[in-house]
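In: Pasted the sequence and its predicted model underneath.
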Amino acid sequence: PLRIAVLASGRGSNFAALLAARDRGELIADFVLVASDKPHAGALQLAQTAGIPTLVLDPHDYAERRDYDFALFDRIAASKPDVLVLAGFMRIIDGDALKPWVGRMINIHPSLLPKYRGLHTHRRALKAGDSEHGASVHYVTAELDGGPVIAQTLLPVEAGDDENTLAARLLPLEHQLLSAVVALIAAGRLSLGADGIVFDGQPLRKPLRW
Ligand code: GAR
């Protein structure tokens, strides 16, 4: 089975969804490591309970952002993962440090990319008056939230929505989206070639919809 390492900074509900998908038999993969920049990340607790090795590397212990990123990816590489999944990992990663992983690292981002790269995506979608919001899973490249988009889930914005209601309705859709994409990767159906994403042997012309 595919060997997956997960990077997470926060509560870890997306990682929990991946574990649940594995336990239901929908995702055939081995989780070899959960790594975090935050000692109290919920994902670490979940991993420990599930018997998955964890790694915490604190950025404060490194003088330079770059040094941290290289150290982190060195340590992750020692677990010999095939694929890295950023599931709420809230750091910008140095382009040189991530280079060896291009095509083998995906991220979930709470917007319909290319809209709203970076932070506060729900707030920005509301402010723009968007009638539709959503989340994207993309391959990670040196361009922040700018790598090729694999799949998206859509969410209608409702009258009276605020950041919190929007985030709360989007989250379960994110869980399905990320689980589905990771399952496709684990099944060998997705890859990143020189000309873009390949899905079931064909160039992917627009993001998959979930
Ligand atoms: C998710 O909403 C994810 O899309 C977002 O962080 C949340 C993590 O939740 N990711 C980003 O904003 C990446 N820049 P979780 O810890 O419960 O999975």
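Out: Here it is on my side, so go on. Keep in mind that what you see is a predicted model, and the values were worked out from it rather than measured.
In: what residue ranges in the chain score low on pLDDT?
Out: The chain contains no residues with pLDDT under 70.
In: give me phi/psi at whichever residue of it sits closest to the ligand?
Out: Proximity of the chain to the ligand (CB to the nearest ligand atom) peaks at residue 88, 2.7 Å away. C-beta: built from backbone N, CA, C; applies to glycine. Main-chain torsions, residue 88, degrees, to the nearest 10: phi 80, psi 40.
In: With residue 52 instead?
Out: Given degrees, to the nearest 10, the pair of backbone angles that residue 52 has is phi -100, psi 130.
In: excluding its backbone neighbours, what's nearest it?
Out: Using CB to CB, 6 or more residues apart in numbering and skipping the chain neighbours, the partner closest in space to residue 52 is residue 31 (4.8 Å).
In: contacting residues around the residue of the chain closest to the ligand?
Out: 8, 9, 10, 11, 12, 13, 14, 15, 43, 108 (CB atoms under 8 Å, 6 or more residues apart in numbering).
In: From residue 18, how far off is the fifth one?
Out: By that I understand residue 12. As judged by CB to CB, to the nearest Å, residue 12 and residue 18 stand 10 Å apart.
In: and what of residue 49?
Out: Residue 49 sits 14 Å away from residue 18, going by CB to CB.
In: Between these two, which has more neighbouring residues?
Out: residue 18 (25 against 9; other CB atoms under 10 Å).
In: give the contact list for that one.
Out: Applying CB under 8 Å, 6+ apart, we find residue 18 in contact with 4, 6, 27, 31, 85, 87, 178, 179, 182.
In: Go ahead and list the helix or strand containing it.
Out: Assigned by DSSP states H and E, residue 18 belongs to helix 13-23.
In: I'd like the next helix or strand past the longest helix that the chain contains.
Out: Longest helix in the chain, counting residues (DSSP state H): helix 163-186. Sequence order places strand 190-193 as the next helix or strand after helix 163-186, per DSSP H and E.
In: Helices of the chain, residue ranges please.
Out: When assigned using DSSP H, the helices of the chain occupy the ranges 13-23, 42-50, 65-77, 95-98, 121-127, 163-186.
In: Reformat those helices as JSON lines; add distance to residue 59.
Out: Converted to JSON lines, the helices of the chain look like this (distance: least, CB to CB, whole Å):
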{"stretch": "helix 13-23", "distance to residue 59": "20"}
{"stretch": "helix 42-50", "distance to residue 59": "16"}
{"stretch": "helix 65-77", "distance to residue 59": "5"}
{"stretch": "helix 95-98", "distance to residue 59": "13"}
{"stretch": "helix 121-127", "distance to residue 59": "23"}
{"stretch": "helix 163-186", "distance to residue 59": "24"}
